[in-house]
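J.: Model the following, please.
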Amino acid sequence: MKLIGILLLLPLISFGQRIAVENGKLNGVLPLDESGQVTYQFVKQAEGVSQAELFKRARKWFTKTYKSSKDVLQVADGQTGELAGKGIFLLNIPWAGMGHDYPIRHAITVEVRDGRYRTRVTDLSIEDLKVKTPIEKMDMPMVSKKFITRFYEGLDSKIMTLVQSLDTAMATADDF
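T.: Presented below is the predicted three-dimensional model:
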């Protein structure tokens with residue numbers, strides 16, 4: 001009887017070993033905030049650029065980056081300098097010899113001030129069969145910690161590419 005109990009607990013034990021907080025990050029990859037949610041936050045300088053100009057550049061970036069920026073962009077307040085939206089991107093991770101696309105939902109906020117801006121990417125979730133699961137609680141019982149870490153590394157890379165594209169747009173004056 002004890003053996004059956006131990007066997008029933010094994011999946012829970014192995015799940016705990018596949019996702020762990022290491023150095024304040026999920027599997028040492030995805031940054032966590034004080035509440036335990038994956039959160040990316042960056043503050044960048046834009047010397048000599050006005051809030052209005054940074055707002056215009058950020059709004060243009062949303063339009064170019066997301067196919068339907070009207071659906072993504074939920075807040076665009078030029079007075080406060082805040083742009084916020086919810087988007088989705090596909091993360092392709094090889095599994096069992098084949099690539100698989102995982103839809104990743106996220107929230108992104110850009111706050112602009114004269115000469116600087118802050119970017120936050122939060123509320124990351126994986127969507128499969130119309131079920132959204134927060135990244136922090138994703139359960140893939142048939143995969144190893146190595147796969148989950150590789151998944152997190154791919155996700156980190158995708159987010160950093162997204163933020164870098166915003167940084168490029170924020171550094172580029174609109175010539176027309």
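J.: contacts and neighbour counts: CA atoms only from here.
T.: OK.
J.: May I see the buried residues of the longest helix along the chain?
T.: The residue-count maximum for a helix in the chain (DSSP state H) belongs to helix 145-170. Buried residues in helix 145-170, counted by 16 or more other CA atoms under 10 Å: 145, 147-156, 158-159, 163, 166-167, 169-170.
J.: Low-confidence ranges, the chain, go.
T.: 1-17, 68-71, 129, 174-176 (pLDDT under 70).
J.: Swap in 80 and give it another go.
T.: For the chain, residues meeting the criterion pLDDT under 80 lie at 1-18, 67-71, 95-97, 128-130, 139-143, 174-176.
J.: Show me where it has its strands.
T.: Per DSSP state E, the chain carries strands over the ranges 21-22, 25-26, 30-31, 40-45, 73-77, 82-95, 98-113, 116-128, 131-134.
J.: What helices and strands are in contact with the longest helix of the chain?
T.: Helices and strands touching helix 145-170, by 3 or more CA pairs under 8 Å, 6 or more residues apart in numbering; DSSP states H and E, are helix 2-18, strand 30-31, helix 51-65, strand 82-95.
J.: if we go to 10 Å?
T.: Where contact means 3 or more CA pairs under 10 Å, 6 or more residues apart in numbering; DSSP states H and E, helix 145-170 is packed against helix 2-18, strand 25-26, strand 30-31, strand 40-45, helix 51-65, strand 82-95, strand 98-113, strand 116-128.
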